[in-house]
Structures are given as C-alpha cells and as structure tokens.
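Visitor: Below are the sequence and a predicted model; questions follow.
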Amino acid sequence: MKVLIQDFKSGKYLAANGTLTSLPSQAKDFRYSSYARSILRREKFSGLSVHYYFEDMDYSIKVRNWQRERLCQQLNAAAFDF
C-alpha cells in the first residue's frame, strides 16, 4: 500500500520530483497518512487529498477528514478495551 497525494481537479498524483502524474504507480509514496496530511497543512495546499493506493489491485481509497479519522481511531481503541 502507498500513501499518495491527489489533486482534486486534475485527478493526478504528486510525483517525487514535484510534478503531477496520472499514474499512481509513479507517484511519491508518503508512507503514512499522518505525514502526508502534515505536509498539506504545513504548506497550506488546497485542492489536494490523501489516498491509500493498493498497487497489486490498482485501487485507491480517499482518506477521510483528519478529525473524523482521529475520532474513528479513538472509537476503535475503546471498542477493544476490556
């Protein structure tokens, strides 16, 4: 699985050299969604989103809003507290 940044308008992904590519397999892998989100916040990029890309299935999933993601993590952790 790769963590990618995608442009909303063009549908292209951020490549390692700073350009955009239409092929997710050529996009920069940020490894962690928290790292990709921190870059978007720090650089104040708008119109971009974080995606999980499963190369073997050629399938991507958009990562939810950061606050929602944190809430889901807390709920999941609480569900397994015995």
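Guide: Yep, it's here.

Visitor: Of all residues in this protein, which one is nearest the centre?
Guide: Geometric centre of the chain, nearest residue: Val50, 2.3 Å, by C-alpha atoms, centre = their mean.

Visitor: quick check, it in a strand?
Guide: Yes - the assignment for Val50 (DSSP: H, G, I helix; E, B strand; the rest coil) places it in a strand.

Visitor: Now do it, the pLDDT please.
Guide: Turning to Val50, the model gives it a pLDDT of 92.

Visitor: and what of the one 4 residues further on?
Guide: According to the model's per-residue confidence, Phe54 sits at a pLDDT of 93.

Visitor: That one bridge partners, please.
Guide: Tyr59 (DSSP bridges).

Visitor: Am I right that it is in contact with Leu4?
Guide: No - using C-beta atoms under 8 Å, Phe54 is not in contact with Leu4, being 10.9 Å away. (C-beta placed from N, C-alpha, C; glycine too.)

Visitor: which one of the two has more residues nearby?
Guide: Leu4 (24 against 12; other C-beta atoms under 10 Å).

Visitor: So which bits of the helix or strand where that one lies are buried?
Guide: Here Leu4, judged by DSSP states H and E, is contained in strand 2-7. Buried positions in strand 2-7, judged by neighbour count with 16 or more other C-beta atoms under 10 Å: 2-6.

Visitor: List just the nearest of the residues you listed to Glu43.
Guide: Ile5 (10.4 Å; C-beta to C-beta).

Visitor: is it true that the closest one touches Arg37?
Guide: No - look at Ile5 against Arg37 with C-beta under 8 Å: they stay out of range, at 9.4 Å.

Visitor: ranges for the strands of this protein?
Guide: 2-7, 13-14, 20-21, 48-54, 59-62 (DSSP state E).

Visitor: which residues are contacting the last one?
Guide: Pointing back at strand 59-62 there. 4, 6, 24, 49-54 (C-beta atoms under 8 Å, 6 or more residues apart in numbering).
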